[in-house]
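Student: Please work out how this folds:
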Amino acid sequence: MARKARIDAPGALHHIIVRGIERKKIFRSDYDRKNFLNRLNNLIPETQTECFAWVLIPNHVHLLLKTGLIP
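Tutor: Residues are numbered from 1 along each chain as shown. Sure thing, here's the model as predicted:
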């Protein structure tokens, strides 16, 4: 079940969790993990978001992000 939309404001901290469906793996190889990190590395400066912490686990991801500019 999806959560309700969060109120967002510049500078807000968010603990983001991305999980695999039915606890299945979302990363099957080092290539998958590197691909995810490369995409995140490109997206963070583009959105002016700060990433304070991240962890990649085979079936989920945790991110601690600080919101950048809100369009």
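
Student: what's the nearest residue to the residue most central in space within the chain if we skip its chain neighbours?
Tutor: Nearest residue to the geometric centre of the chain (Cα atoms, centre = their mean): L63, 4.8 Å. Take L63 and drop its neighbours on the chain: the residue closest to it by Cβ to Cβ, 6 or more residues apart in numbering is I16, 4.2 Å away. C-beta: built from backbone N, CA, C; applies to glycine.

Student: Can you say which helix or strand has that neighbour in it?
Tutor: The secondary structure element spanning I16 is strand 13-19 (assigned by DSSP states H and E).

Student: tell me the angle of the helix or strand following that strand relative to strand 13-19?
Tutor: Per DSSP H and E, strand 13-19 leads on to helix 30-46 as the next helix or strand towards the C-terminus. With axes from the mean of the first three to the mean of the last three Cα atoms, to 10 degrees as the basis, helix 30-46 and strand 13-19 are set at 150 degrees to each other.

Student: Would you indicate which residues of helix 30-46 are buried?
Tutor: Neighbour-count burial for helix 30-46, with 16 or more other Cβ atoms under 10 Å as criterion, is recorded at 36, 40.

Student: hmm, who's touching it?
Tutor: Where contact means Cβ atoms under 8 Å, 6 or more residues apart in numbering, the residues beyond helix 30-46 that reach it are 26-27, 49-51, 54, 56, 61, 63.

Student: could these go into JSON lines alongside secondary structure and pLDDT?
Tutor: Output for the contacts of helix 30-46, formatted as JSON lines (DSSP: H, G, I helix; E, B strand; the rest coil; pLDDT from 0 to 100):
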{"residue": "I26", "secondary structure": "coil", "pLDDT": "95"}
{"residue": "F27", "secondary structure": "coil", "pLDDT": "93"}
{"residue": "T49", "secondary structure": "coil", "pLDDT": "89"}
{"residue": "E50", "secondary structure": "strand", "pLDDT": "93"}
{"residue": "C51", "secondary structure": "strand", "pLDDT": "95"}
{"residue": "W54", "secondary structure": "strand", "pLDDT": "96"}
{"residue": "L56", "secondary structure": "strand", "pLDDT": "96"}
{"residue": "V61", "secondary structure": "strand", "pLDDT": "97"}
{"residue": "L63", "secondary structure": "strand", "pLDDT": "97"}
